[in-house]
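1. Test case, fold it:
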Amino acid sequence: MTISSDFPNAPLAGRWYGAALANAIAGEDLDPVNNDIIANFNGAIGLPDCIAGSSFYYGLDNNAPPTTIDFLNTFMHEVAHGLGFQNFANEANGSLPLGQADVYMANTRDLNIDLQWDQLNAAQIVSSAISNGRVVWTGPEVTANQRLSLGAFEGVRLTGNVSREIVFGTASFGALPSAATLNGNIVAAVDADGSPDPSDACGPLTNVVTGLVVLANRGTCGFAVKAANAQAAGARSLLIANNVVGAGAIGLGGADPNVTIATIGISLEDGAAIRAGLPGVGVEYFTDPARRAGTEEGLVRVFAPTVVALGSSISHFDTTATPNLLMEPAITPTLRASRNLDLTPSLMQDIGWSLEPVVLGRCDTTVPGALDNGELLLPGLEGCVTEAGGRPLLYGNCVARLARGYEDAGLLTRRQRVSLESCGRVNAINATR
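-> Okay, the predicted model is just below:
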């Protein structure tokens, strides 16, 4: 992909734009020699050395069978990157192409230092890129429409002698954290495995932890080993505190199918605060309907894991979003890109794209092809064609019913509803001539 700046009609001066977006805004092909987007997909999936046992599902209905990967979701994800869902910074060293920031960075903010990413120096970019939970998207469309795509906020807070909400990372093993799996009084792990840290849970625990939430330190052994030791001692769940100052909460890799307790990663600082408050500190998982999952301080989080993943860090929504979003780092089975693109169209508008209105036959509506909740309008209209079965009156009635339903849901204005309804009836009348 090529990048351009300061082209005709560019909304922001001195900021890079990806080729497709730059060409759309400029109204011309700024680089006729190169393609706007080049996407390569691996057809070897399923071979022993490439996600063995899986394959791409090429249907367009998002009904991928188990063990298959929905190609449509994958394709839409990658095309969104090509359309501008990415920055051009190197998060590992903070470098920028020719020292210049981009439009994506202009909409990205570090909450710790309260600056947009296009205002950060190289060292600040490196630090911000691993600030899990503290990097957010500030574009107005995503911010306004988050409530339509995201569920209620779910979080973790400390209670008792230490009372505050904390940022956490989830584990790739064991139960998911929930109100049922992560709550109770906290006790620090004590083991006798001979390692320098007697609270790393790398050996059998020697203190009483039955029914309690165990706090262990990172280091010496794998995360799943710590969880297995805590579970064997009767722990209800496990907190693993980072061992790096200022590195924040950590995601926990590893695997052990026998681990069934919930385990989360927390920051070194939160771990130290808990220890200082013991005994008398508890933890609870909670739901707050007034906030949205995957947000921080009212803004949608972007992916900023504590270890930089080039190509993934920052250029995705965060994995704490619920329901899952198309532009999280990994494609998940719950995505339905054939019908709904969640917050992706909103972000596209934030960086400069305009949404094309739907055209029914020869009738131009004022309704964008993607609604504020990410729902694509055309699948519903195609459903009206199927429902009508060639009967124009039924088609017009179906479109009207669809339009009114969208208006009732707050997804269309009255003017837009009338426009869609009218075009539906005009298209139905033309079909009889």
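
2. how about low-confidence regions in this structure?
-> Along the chain, the parts satisfying pLDDT under 70 run over 430-433.

3. Got the domain ranges for it?
-> 1-151+293-353, 152-287, 357-431 (automatic domain parsing).

4. I'd like these laid out as TSV, including mean neighbour count.
-> Just so you know, the C-beta spots here come from the backbone N, C-alpha and C atoms, and that holds for glycine as well. Output for the domains of the chain, formatted as TSV (neighbours: other CB atoms under 10 Å):
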stretch	mean neighbour count
domain 1-151+293-353	18
domain 152-287	19
domain 357-431	17
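
5. In terms of secondary structure, what does the helix or strand where residue 73 lies contact?
-> Residue 73 belongs to helix 71-82 when assigned by DSSP states H and E. Packing partners of helix 71-82 (3 or more CB pairs under 8 Å, 6 or more residues apart in numbering; DSSP states H and E): strand 55-57, helix 344-351.

6. Who are the packing partners of whatever helix or strand residue 378 lives in?
-> Per DSSP H and E, residue 378 falls inside helix 377-388. Applying 3+ CB pairs under 8 Å, 6+ apart, one finds that helix 377-388 makes contact with strand 357-360, helix 392-408.

7. center of this structure, which residue is that?
-> In the chain, the residue lying closest to the centroid (CA atoms, centre = their mean) is residue 317, at 3.1 Å.

8. Spit out the contact partners of that one.
-> Residue 317 sits next to 137, 294, 300-303, 325, 327-328, 343 when contact means CB atoms under 8 Å, 6 or more residues apart in numbering.

9. one step back: can you redo the helices and strands packed on helix 71-82 as CSV, where the extra columns are distance to residue 313?
-> Converted to CSV, those look like this (distance: least, CB to CB, whole Å):
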stretch, distance to residue 313
strand 55-57, 26
helix 344-351, 16
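
10. Nearest to residue 288, out of those?
-> helix 344-351 (22.2 Å; CB to CB).

11. List the contacts of the closest one.
-> Residues outside helix 344-351 that contact it (CB under 8 Å, 6+ apart) are 17, 21, 76, 80, 83-85, 103-104, 107, 137, 139-142, 144-145, 325-327, 355, 368, 370, 372, 374.

12. So which of these sit within helices?
-> 21, 76, 80, 103-104, 140-142, 144-145 (DSSP state H).

13. Can you pick out the most distant pair from the residues you listed?
-> Counting by CB to CB, the most remote pair of the ones in helices among the contacts of helix 344-351 is 76 and 140, 23.3 Å apart.

14. Pick out whichever of the ones in helices among the contacts of helix 344-351 sits closest to residue 253.
-> Distance ranking of those against residue 253, using CB to CB, places residue 80 first at 26.4 Å.

15. For the closest one, which non-adjacent residue is closest in space?
-> What sits nearest to residue 80 in space, not counting adjacent residues and going by CB to CB, 6 or more residues apart in numbering, is residue 344, at 5.4 Å.

16. That neighbour and residue 424, how far apart?
-> Residue 344 sits at a distance of 26 Å from residue 424 (criterion: CB to CB, to the nearest Å).

17. Repeat that for residue 103.
-> Residue 103 is 36 Å from residue 424, by CB to CB.

18. Likewise for residue 310?
-> 47 Å.

19. and stretch 420-430, how far from the chain's centre?
-> Centroid separation between stretch 420-430 and its chain, computed with CA atoms, centre = their mean, to the nearest Å, is 38 Å.

20. can you list contacts of that stretch?
-> Outside stretch 420-430, the residues within contact range by CB under 8 Å, 6+ apart are 358, 360-365, 367, 384, 392-393, 395-396, 398-400, 402-404, 406, 412.

21. mind running it again at 7 Å?
-> Applying CB atoms under 7 Å, 6 or more residues apart in numbering, the contact partners of stretch 420-430 are 360-361, 363, 365, 367, 392-393, 395-396, 399-400, 403.

22. Make TSV from the residues you listed and add distance to residue 190 to it.
-> Shown next, in TSV, are the contacts of stretch 420-430 (distance: CB to CB, whole Å):
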residue	distance to residue 190
360	70
361	74
363	73
365	67
367	63
392	77
393	77
395	72
396	73
399	68
400	69
403	65
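
23. For this structure, just list every one of the helices.
-> 19-26, 71-82, 103-106, 122-128, 140-149, 223-232, 268-277, 344-351, 377-388, 392-408, 414-431.

24. I'd like those laid out as TSV, including distance to residue 245.
-> Shown next, in TSV, are the helices of the chain (distance: least, CB to CB, whole Å):
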stretch	distance to residue 245
helix 19-26	39
helix 71-82	34
helix 103-106	27
helix 122-128	12
helix 140-149	32
helix 223-232	19
helix 268-277	6
helix 344-351	33
helix 377-388	50
helix 392-408	51
helix 414-431	53
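
25. Can you say which of those helices is nearest to residue 43?
-> Here helix 71-82 is closest among the helices of the chain (CB to CB), at 10.2 Å.
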